[in-house]
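*Asks:* quick one, fold the following:
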Amino acid sequence: ASPHAAGVVALIRAAHPGWSPGAVVAMLRRTATGQPCPTALDPGVAFFGAPVQYCSGGVGSNNFYGAGLVNALAAARG
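*Replies:* Next up is the predicted model:
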């Protein structure tokens, strides 16, 4: 995911070269597509005996997906 986020940051910086790093991060988070917590356990839990991880938070702000998926089109339109 980090290469995708870096690419979207590059789009934001190209459109707004004078923005501070904080403003760029705010745009990245504001335009992200919120993701809800997963409804099913990761298949690795049963197959590999991995520990169960619990998701907390809501759509757009949880410990699995953070602010969500970066959205290049929304960020570029910003």
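*Asks:* pick out the least confidently modelled helix or strand of the chain, by mean pLDDT.
*Replies:* helix 43-48 (a mean of 82; mean pLDDT, DSSP states H and E).
*Asks:* next structured bit after that helix?
*Replies:* strand 57-58 (DSSP states H and E).
*Asks:* show me what that following strand is packed up against.
*Replies:* Judged by 3 or more C-beta pairs under 8 Å, 6 or more residues apart in numbering; DSSP states H and E, strand 57-58 has no packing partners among the helices and strands. From N, CA and C alone the C-beta is placed, and that goes for glycine too.
*Asks:* which residues sit against it?
*Replies:* Here strand 57-58 makes contact (C-beta atoms under 8 Å, 6 or more residues apart in numbering) with P36, C37, N63, F64.
*Asks:* can I get the least confident helix or strand of the chain in PDB, CA atoms only?
*Replies:* Presented in PDB, the C-alpha positions along helix 43-48 are these (Å, rounded to 0.1, in the frame of the first residue of the first chain):
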ATOM      1  CA  PRO A  43      -8.100 -17.300   6.800                       C
ATOM      2  CA  GLY A  44      -4.600 -17.600   8.300                       C
ATOM      3  CA  VAL A  45      -6.200 -17.800  11.800                       C
ATOM      4  CA  ALA A  46      -7.600 -21.300  11.100                       C
ATOM      5  CA  PHE A  47      -5.000 -22.500   8.600                       C
ATOM      6  CA  PHE A  48      -1.800 -21.400  10.300                       C
END
